[in-house]
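**Student:** Fold the stuff below for me.
(chains A and B)
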Amino acid sequence: MPITTTRRRLLAGSAAALAFPAFARAQGTAKPRLTAISQWSAGSDGAAITALGKKFEEKGGVWQHSPVPGFTTEMMNKLRAQIMAGDPPACSQLKGPEIAAWSKIAPTVNLDALVAAAGYEKVVAPDLAKLHKPGGKWIALPLQIYSTNMLFLSKRAMDKAKADKVPVTWADFNDLAEKMKTGDVAFPIANGGTRPDDGQKFEAALAGISPLAYRAAIMNLEKKALEGPEIKAAFVQVRKIADWMDPNVGAQHFSTNLKRFIDGDMGMMIMGGWAQGVLRNAGFKLEDFMIAPGPSDNGKPVFLLNADAFIFWQRKEPDLQAGQTLMAQLVMDPAIQTMYSQITGSIPVRTDVDLSGEGWSEGQRTTAKALKDAIASNQAVLSMAHNMAQENGMTAAMIDVITEYVKNKTIKPEQAAMRLAEAVEGAR
Amino acid sequence: MSNAATMRPGRPALPEWVRRLPEYLMIWVPLLLSAAHLVSFSLWTIWISFTPSTLVPVAGWVGLRNYSAVAASRNWQIAFDNLLLFGSAFVLLSAATGLILAILLDQRIRGENVLRSIFLYPLAVSFVVTGTVWSWLLNPGLGIQKLIHDLGWTSFKFDWLIDRDMAIWTIVIAAIWQSSGFAMALFLAGLRSVDSDIIKAAQIDGAGPVRTYRRIILPSLWPITVTVVVIQLQFAISTFDLVRALTNGGPGIATQLPALVVYDLMFQRSLLGRGAAAAVLMLLILLAVLLPYAAWRYVQRRRAAHA
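**Tutor:** From the prediction side, this is the model:
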C-alpha cells in the first residue's frame, strides 16, 4: 500500500515535471484576473463598466468587480477598509488629487512602461496627466472626461420662451431665464438638491465669470483671489440661479427632475455631461434637448474638468499582475474609450479619437470641441464640486458654505464670500 | 451528568464552583468579550482623536487641535444647537404623546390589543424607512401640502421640510411617530401597576377620574417617566439614520446633528482624527445624561435599602 502510493506520486510528479514547461509556454503567464472596485452613481456608469468587464473577459481575463453605490467618497470607504486589511483591490476607481493622497498610504504599480508603449502621454491633456503621475510616475490612468458645467436646454421650454439662441455669457443666460419665467416655464432652472449640485452651480458661475480667478482661488487657494470681487460676483449669480430653481427639491438627485425638464416645465440645467447618458438611459430623445458649453463671460468656452480614472494597487499574485497589465492596456485603448464614452455620454481622454462618426452625439462633439478650445485658451480648469481641484476635506469645507448659501436666502453674497475664505483657512 | 451522579451515590459531590462553571462561562465570557470590545474601541477612538490621522489612522500627537477644529466648525455648532432643540422637544413631546395614549388605552376600551399593536408598530420599522416615508409625506411638492392643494385649499402651506428654520421640527415629528409607542408601552405598564386599592380608596373618598389621575396615578409614574426620558435622550443624541434619510442635514446644513458630523468627517472628508474627536464629544454629551441618571439610581437604591 505505501509502495503503490509512492509510485503513483512519483508518476504524477514526473508527469507534471515533464508537462510543466510546455504548459507554461502555452499559457505564457497566469490567466489574467482583476479585482476591481468602482463607484455606481448613475445607471449609465454601471452599463459602461459592465461592458468594459465583458471586453476584459473576451481577452481571456477573469473579471471580479464590486461596484459601490454612491459617489467617490462612498467607494473610498471600501477602499480604505481593504487597504487597512492588507488586501487592496488590483485596481480601483479614484480621481483628482486623491490619487496623490492615497498613493502615500499603500504601494501602487508603476505604469510608465505601459504608458510609454501605448504612447498615451502625448494624447492626454497636460493638466490631467499631472494628476495621474504624482512623483513623476504614472500610477493611475484616466479613462473618460466630463465637463461639469455643460448647459442643457429643454427644447420645449425654449419654444415657450420663443427663444432659439443658445446663451453664451451669464448676461445672455439670465435674459433667457427671465424670458422662460414670463413664458410660462414653471422653473427656468432644473436642479437637484445634493451637495455636488450646489457646488457645481458655484464653480460654473465663478469659472464663467473669470477662469483666472477660479484657478487662483479654487485650484491654488490664493488668499487674495479668495477675497477678490469675482467670488462675490459668482455668489450673486448663484443666488439668481437659486431663485429660479424649484425650492421643493429638498435633497433629491438631479435625475428626479429630468422629466419636468424635457416636458418644458423646467428650462435649463447646468450639469455634467453625464446627464446626457442619464437622459438617454431614461429613454428621452436627443432632439428634446440641446447641449452647449456653460456660460462664459469672455465668450470662449470654459471647461470644468472631471475625469474618471483607475488606480492600480501593488499585488504579489502573478494572475492579478497580468490582469493589471491587461486592464491598463484596455483603459488606454481608443476603441475601449470610444465604447465607454458612447455609453456614458462623456468624451474620451485621448484627444486623438475622432468623434465625427456614428455613435457620437452632437452634445459630445460640442463637449470635445469645447475642451480643445478651452485648452487652447488656457480655460480648462479642474472641477471643485467633483473633487478634482482639491482633496475631499477642503472640497467639503467649501461646499458647506455654498450649499448653505443656496438654501438660505438671507445670507448676503459678501457674507458668503467671507465665509468661503474662512472655510478654506479652517480646512488648510 | 446529574443522572450519572445519582446512579453512583458513593461518589463525592463536585465542588460548588465546578458545578456552576457552565453558568459562569455563559455569563462572564460574553460579558467580558463585549465589554473589552466596547472599551478597547472607545479607548482607540479617544487615542485617534489626539493624532493627526486623516485617510488612515497614524501615530502622532496633536494635543487638542482636533477638538478645537471641530468645536470651531459651523457644522458642529449648528449640530450642537440642533441637538439641544431636537433632544428636548423630542423627549418632552414623545413622552407626553406616549402618556396620553397610555391613559386613553387604560380606559378598559374594546380592541385595546389591536390599538396597542398599532401604536407600537412604528418601532418595528427601521429609521431609514421612517425617514424616507416622511421625506415624501413632508415634501411640499409630493406629500401633504400637495394633497391639500389638490383637494382645493390652494393657499395651504406646510413646507417645513425645505424651510431651514423649521426643518428640524420635521425630524421631531418623524421621531415622535416612531417612538411614542415605546413610551406608551412603558407608561401603560406603569398605569397597570398602580395599586388598585389606593384607586378604590380615592373613589370612595369621592375623587373624580381627573383628580384620581392627577393626584394619585401620575405621581406614582415618575420613576417610569425618568426611565422613558433617559432612554429617549440617549436615542436623540445618537440619532443618525433618521436625519440622513429625511433631510440629510439639509436644507444646506440646517439640520446637522452630531452623529452626522462624525460620519461626515470620518467617511466623507477622510479626516479620521477630527471625526474621532467629534465622536468623543458625543460620548461626553451622552455621559452628561447617563451619569446623573446613574447617580440618581444609586441614591434611590440606598434610600430603599435604608427604609
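**Student:** which element is residue 116 on?
**Tutor:** Unless you meant another one, I'm taking chain A. helix A:112-118 (DSSP states H and E).
**Student:** Switch to chain B, please.
**Tutor:** Judged by DSSP H and E, B:R116 forms part of helix B:112-120.
**Student:** With just CA atoms, put that helix into CSV.
**Tutor:** Provided in CSV are the C-alpha atoms of helix B:112-120 (Å, rounded to 0.1, in the frame of the first residue of the first chain):
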residue,chain,number,x,y,z
GLU,B,112,-57.1,47.5,23.2
ASN,B,113,-54.7,44.9,21.9
VAL,B,114,-55.2,45.9,18.3
LEU,B,115,-54.7,49.6,19.1
ARG,B,116,-51.7,48.9,21.3
SER,B,117,-50.1,46.9,18.4
ILE,B,118,-50.8,49.8,16.0
PHE,B,119,-49.2,52.4,18.2
LEU,B,120,-46.2,50.1,18.9
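**Student:** so what's B:A102 closest to, chain neighbours aside?
**Tutor:** Nearest non-adjacent residue to B:A102, counting by CB to CB, 6 or more residues apart in numbering or on different chains: B:F187, 3.7 Å away. In this view, the C-beta of every residue, glycine as well, is placed from N, C-alpha and C.
**Student:** before we move on, back to that, buried stuff in the helix holding B:R116?
**Tutor:** Neighbour counts using 16 or more other CB atoms under 10 Å in any protein chain shown place B:116, B:119 of helix B:112-120 among the buried residues.
**Student:** so what does it touch, helix or strand wise?
**Tutor:** Helices and strands touching helix B:112-120, as assessed by 3 or more CB pairs under 8 Å, 6 or more residues apart in numbering or on different chains; DSSP states H and E, comprise helix B:74-105, helix B:167-192.
**Student:** Let me see the residues that make contact with that helix.
**Tutor:** For helix B:112-120, the surrounding residues in contact (CB atoms under 8 Å, 6 or more residues apart in numbering or on different chains) are B:101, B:105, B:109, B:180-182, B:184-185, B:188.
**Student:** ok, 7 Å please
**Tutor:** The contact list for helix B:112-120 (CB atoms under 7 Å, 6 or more residues apart in numbering or on different chains) reads B:101, B:105, B:181, B:184-185.
**Student:** what do you get for stretch A:87-99?
**Tutor:** By CB under 7 Å, 6+ apart, stretch A:87-99 touches A:34-39, A:72, A:75, A:79, A:82, A:102, A:106, A:131-132, A:134, A:139-140, A:307-313, A:315, A:320, A:323-324, A:327, A:382, A:387-388, A:390-392.
**Student:** Which of the residues you listed fall within strands?
**Tutor:** Among the contacts of stretch A:87-99, the members falling in strands (DSSP state E) are A:34-39, A:140, A:307-312, A:382.
**Student:** Mind checking which of those residues are buried?
**Tutor:** Among the ones in strands among the contacts of stretch A:87-99, those buried by neighbour count (16+ other CB under 10 Å) are A:34-39, A:140, A:307-312, A:382.
**Student:** Quickly check these for the two that are furthest apart.
**Tutor:** A:T35 and A:L382 (29.1 Å; CB to CB).
**Student:** and the gap between the residue nearest to B:G190 when sequence neighbours are not counted and chain A?
**Tutor:** Of all residues not flanking B:G190 in the chain, B:I224 sits nearest, at 4.1 Å (CB to CB, 6+ apart). Going from B:I224 to chain A by CB to the nearest CB, to the nearest Å gives 38 Å.
**Student:** you'd agree B:I224 is up against B:L186?
**Tutor:** Yes - counting by CB atoms under 7 Å, B:I224 does reach B:L186; the two are 5.5 Å apart.
**Student:** which SS state does the residue of the stretch 101-250 of chain A found nearest chain B fall under?
**Tutor:** Distance from chain B to each residue of the stretch 101-250 of chain A (CB to the nearest CB) is smallest for A:N248, at 3.7 Å. When classified by DSSP: H, G, I helix; E, B strand; the rest coil, A:N248 comes out as helix.
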